[in-house]
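*Asks:* Build me a model from this:
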Amino acid sequence: MDTKRSAVHAGKYFLVTSLFAAVALAFVAAGAYVSQGALEAGTISELVSEGAPGIALAVVGILVYRFGKAWALYKTLTAAHEEALADTFDTQHVKSDIVSVLDERLADMQTDLQSVNREIRKLKDDDQFDFGEPKS
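*Replies:* The predicted structure follows:
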């Protein structure tokens, strides 16, 4: 794969992961904003109950980022691999090779059939040997 294609796929990966990172950061920020009331809690049970929604949002943000990163890697690697395979295995070239081999074989078979037909006509046209009584 050439450098230009590699740069395009790397750029796509960077953009998609950056987008998911921004969404994840928004979830984490929302979780931090929601959890501000937990800082004023007096007991641990109050801290947990006040901070749980914010922690849940932060965890969702982390999961969104991890999913986005894995999805971007899968999509960009798949696209790069498909492009490389398309360059390596040109299906039109393979089809034309197969068709040309089949054409050659069919031409050989046609030639063989024509020679067999000529031989059969030749045998029919030749005087056949008569096993009967000679005519006087």
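*Asks:* can you give me the strands for this protein?
*Replies:* Counting by DSSP state E, the chain forms no strands at all.
*Asks:* Any idea how many residues pack against residue 36?
*Replies:* Using other Cβ atoms under 10 Å, residue 36 is surrounded by 11 other residues. Where C-beta positions appear, they are placed from N, C-alpha and C, glycine not excepted.
*Asks:* dump the residue contacts of it.
*Replies:* Contacts for residue 36 (Cβ atoms under 8 Å, 6 or more residues apart in numbering) come out as residue 54.
*Asks:* Would you quantify the distance from it to residue 49?
*Replies:* Applying Cβ to Cβ, to the nearest Å, the value for residue 36 to residue 49 is 14 Å.
*Asks:* And residue 121, by the same measure?
*Replies:* 103 Å.
*Asks:* So these two - more neighbours on which side?
*Replies:* residue 49 (13 against 10).
*Asks:* so how far is the longest helix along the chain from its chain's centroid?
*Replies:* Counting residues, the longest helix in the chain under DSSP state H turns out to be helix 44-88. Chain-centre distance of helix 44-88: 22 Å, with Cα atoms, centre = their mean, to the nearest Å.
*Asks:* cool, and stretch 93-109?
*Replies:* 29 Å.
*Asks:* One more: stretch 90-99?
*Replies:* On Cα atoms, centre = their mean, the centre of stretch 90-99 falls 20 Å from that of its chain.
*Asks:* how many neighbours does residue 35 have?
*Replies:* Neighbour tally, residue 35, other Cβ under 10 Å: 19.
*Asks:* Now for it: which residues touch it?
*Replies:* So residue 35 contacts 50, 51, 53, 54, 55 (Cβ under 8 Å, 6+ apart).
*Asks:* if you set the cut-off to 10 Å instead, what comes out?
*Replies:* Contacts for residue 35 (Cβ atoms under 10 Å, 6 or more residues apart in numbering) come out as 47, 50, 51, 52, 53, 54, 55, 56, 57, 58.
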